[in-house]
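**Q** what follows is a predicted structure for the sequence shown.
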Amino acid sequence: MSSQGAGLLERVKHFFDLEARRREKYQRWDRLAENGDEEARYRLLMLYREEGEEFWPLAFKWTVAVANVGEDCGVTLQAAEMYAAGHGCPQNEEKALLWFERTLSLHIMQGPHSPLTLDAANYVQEQIQELRRKLGRDNA
């Protein structure tokens, strides 16, 4: 096979390698996000809900980055859940508690403009109580 034919064969193989193409897309989004692209950051943090475990570390990276600079209750809640479950990061109940508490604070401050439903807010309160109990902070 000629080198031109081999090159074409490699391009065809790459075209049909959907996993490789997906990883390349997320790597492009990661570069864009590193350069301040807000849409890329949100797309990457949504990988937690949309993709499998392979992409949880990338989703975690951008979930925490966006949560640290923003006031989006949904993003802070996702950071709390990821820390609590150890998805994309080592499990850390102390950090999970901090993020659940931050989520509830933002929800209260935003009042009727909060994106959290009543059920979600109740869930956050339950998680705070459970983690405080587990960590021996019942009176906090």
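**A** Arrived safely, thanks for sending.
**Q** any idea how far the helix or strand hosting residue 123 is from the middle of the chain?
**A** Here residue 123, judged by DSSP states H and E, is contained in helix 118-134. Centroid separation for helix 118-134 versus its chain: 19 Å, with C-alpha atoms, centre = their mean, to the nearest Å.
**Q** and the contacts of that helix?
**A** Outside of helix 118-134, the residues within contact range by C-beta atoms under 8 Å, 6 or more residues apart in numbering are 77, 80, 84, 93, 96-97, 100-101, 103-104, 107, 114, 116, 138, 140. Every residue, glycine included, has its C-beta placed from N, CA and C.
**Q** repeat the analysis, applying 6 Å as the threshold.
**A** With contact meaning C-beta atoms under 6 Å, 6 or more residues apart in numbering, helix 118-134 is reached by 93, 97, 100-101, 103-104, 107, 138, 140.
**Q** which of those residues has the most neighbours?
**A** Using other C-beta atoms under 10 Å as the neighbour test, the contacts of helix 118-134 are led by residue 103, with 30 neighbours.
**Q** quick check: phi and psi at the closest residue to residue 53 other than its chain neighbours.
**A** Residue nearest to residue 53 in three dimensions, not counting chain neighbours: residue 87, with 7.5 Å by C-beta to C-beta, 6 or more residues apart in numbering. Dihedral pair for residue 87: phi -90, psi 110, per degrees, to the nearest 10.
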